[in-house]
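> The following comprises the amino acid sequence and a computationally predicted model.
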Amino acid sequence: MRATITSALLLGFVLAIMALAVSPPALAKASEAEQQAQAKALQAAQLAEIDKATAPEVPLIRSAQAAEEMISNQSNAEGLSPLWTAVREGQTGRTTSKSPFADSFINQYDFMLIEQRPGWLSKALTFSLFGMIVVFAVFVLVNGASKLEKGFSGVEVRRWSNVDIWVHWLMAIPCILLILTGLALLAGRWVFADWLGPQGLATLAAMAKPIHDYMALPFALFGVIAMLRWMKHNIPAGYDLKWFTVVGGYLNFGPFKGQHPDAGFSNAGEKLWYWSFTLFGLAIIVSGMFLLFPEALSTSRTDALWALLIHASAAIVITGFTVVHIFMATVLSEGGMVNMVTGYCDENWAKQHHNVWYDEIKADGSIEYKTS
Ligand code: HEM
């Protein structure tokens, strides 16, 4: 009997110990860990599936984005796996490869460069075209054109050679087409998508791309010829500063009205345009060649993205200046436009806007009047 009681007590003790060991909290912990392991395995399998299904057609970065979207659709941002979060934050690993960024699953640096396109670049380029047109149109409406004080003399003086006229238009027309198609390519998706819809946008991009590529070549060729031919006119002179202080006499109000600051063949404003055109034009041409011929110039994706950033930033400057230049030539400066059409300017225009140049050619006898 005693033995039976002792055995029963022992059995009870063992059972109590076992019950404590396999208690509900412990059971819960075990299943949580199991679930996490399963979830991680599932996410890893999903990522692998996406990469397998999309590579090589779609770059890794796109499949990674798709995976991120898929995961965040399933749960909230906190639900992302720690592995994925670390990858997105640019965590690096170890590899024997020496290529740049080979040690990270996703190249965060290139990703940061790519993001500048839909960010400030597309907005600044759009503003530099449409914004500048609006700003300058308002300025011309408020200020009015700069008139020839003594009217047209009817006597015409040679200003540009026929070669200069050809060079100007063979550079200017491609440049305008490059600006318009460049805007469509860079900012189309973020600026015009709502108006055009996906089909219209695709058609616009398909038309813009070949025009942009082919126009790059005449622009580069005639642009460089223009830079070289016209440099002599654009060497800074002492009187250029005064020109800026009175805004070239183009303002028709207050102390600026009726001012005619000294100017050589090119005035200070044209010199600023010429040097901006030369500096940023060369940046556009060189970076554009890297984008146009990546194989020949053996660029990496990171180099190509930098070329794109330089290209677009320089285009923003050139676009703004081009708008101002066209307004100045066509509406602001009375009698200026004809110069680049016939090569001759009115004698009164030369005296009023470029007095130093006019005095020089008169004094050295190189002045050439239009006959007949
Ligand atoms: C409709 C478009 C354009 C018009 C009506 C126009 C008109 C003119 C005119 C009339 C001149 C001569 C000014 C003078 O005699 O002082 C000129 C000069 C010049 N243009 Fe244009 N232009 C246009 C587009 C462009 C474009 C797109 C570029 C650049 C890519 C450009 C670059 C220049 C340069 C660099 C000069 C010479 C400035 C100097 O060295 O004095 N033009 N343009």
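Looks like it came in fine.

> does the ligand sit close to the helix or strand where Gln352 lies?
Using DSSP states H and E, Gln352 falls within helix 347-353. No: if you take Cβ under 6 Å from any ligand atom as the test, helix 347-353 misses the ligand, and the best it gets is 7.5 Å. For glycine as for every other residue, the C-beta is placed from the backbone atoms N, C-alpha and C.

> what's next to that helix, contact-wise?
148-153, 155-157, 159, 260, 263, 267, 333-336, 357-358 (Cβ atoms under 8 Å, 6 or more residues apart in numbering).

> do the same with stretch 252-261
With Cβ under 8 Å, 6+ apart as the test, stretch 252-261 has contacts from 143-144, 146, 149, 239, 242-243, 245-251, 267-268, 352-353, 355.

> Buried among those residues? Need that as a selection in ChimeraX.
A single ChimeraX command suffices to select whichever of the contacts of stretch 252-261 are buried according to 16 or more other Cβ atoms under 10 Å:
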select :146,243,246,248,249,250,251,267,268,352,353,355
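
> Show only the entries of the contacts of stretch 252-261 found in helices.
Among the contacts of stretch 252-261, the members found in helices (DSSP state H) are 143, 242-243, 245, 268, 352-353, 355.

> any idea which of those residues is closest to the ligand?
When the ones in helices among the contacts of stretch 252-261 are ranked by distance to the ligand (Cβ to the nearest ligand atom), His353 comes first, at 7.5 Å.

> State the pLDDT value of the closest one.
The model reports His353 with a pLDDT of 96.

> Same list, the ones in helices among the contacts of stretch 252-261, but as CSV with distance to Leu308 please.
Formatted as CSV, the ones in helices among the contacts of stretch 252-261 follow (distance: Cβ to Cβ, whole Å):
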residue, distance to Leu308
Asn143, 38
Lys242, 40
Trp243, 36
Thr245, 39
Ala268, 33
Gln352, 44
His353, 39
Asn355, 45
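
> Closest one of the residues you listed to Leu291?
Distance to Leu291, by Cβ to Cβ, is smallest for Ala268 among the ones in helices among the contacts of stretch 252-261, at 33.8 Å.

> For stretch 106-121, the averaged confidence score.
The average pLDDT for stretch 106-121 rounds to 88.

> just stretch 289-303 next, same as before
89.

> Need the distance between the two termini of that stretch.
12 Å (Cα to Cα, to the nearest Å).

> Surely Asp240 touches Tyr274?
No: the pair Asp240 and Tyr274 fails to qualify as a contact (Cβ atoms under 8 Å) at a distance of 12.0 Å.

> Which residue ranges of this protein form strands?
Here the chain has its strands, by DSSP state E, at 156-158, 344-346.

> can you tell which of those is closest to Met328?
In terms of Cβ to Cβ, the element of the strands of the chain nearest to Met328 is strand 344-346, at 14.2 Å.

> how close does Glu347 get to Thr245?
Per Cβ to Cβ, to the nearest Å, Glu347 is found 27 Å from Thr245.

> Out of the helices and strands in this protein, which is least certain?
Each helix and strand of the chain was given a mean pLDDT (mean pLDDT, DSSP states H and E); the minimum falls on helix 2-21 at a mean of 50.

> before we move on, could you check phi and psi at Asp103?
Main-chain dihedrals, Asp103, degrees, to the nearest 10: phi -90, psi 0.

> mind listing what it touches?
92-95, 97.

> which one among those residues gets closest to Phe327?
Of the contacts of Asp103, the one sitting nearest to Phe327 (Cβ to Cβ) turns out to be Thr92, at 51.5 Å.

> wait, isn't the closest one in contact with Ser104?
Yes: Thr92 is within contact range of Ser104, at 5.0 Å (criterion: Cβ under 8 Å).

> So between those two, which is more surrounded?
Per other Cβ atoms under 10 Å, whichever of Thr92 and Ser104 has more neighbours is Ser104, with 15 against 12.

> can you pull the contacts of the more buried one?
Listed by Cβ under 8 Å, 6+ apart, the contact partners of Ser104 are 87, 90-93.

> try 7 Å
Counting by Cβ atoms under 7 Å, 6 or more residues apart in numbering, Ser104 touches 90, 92.
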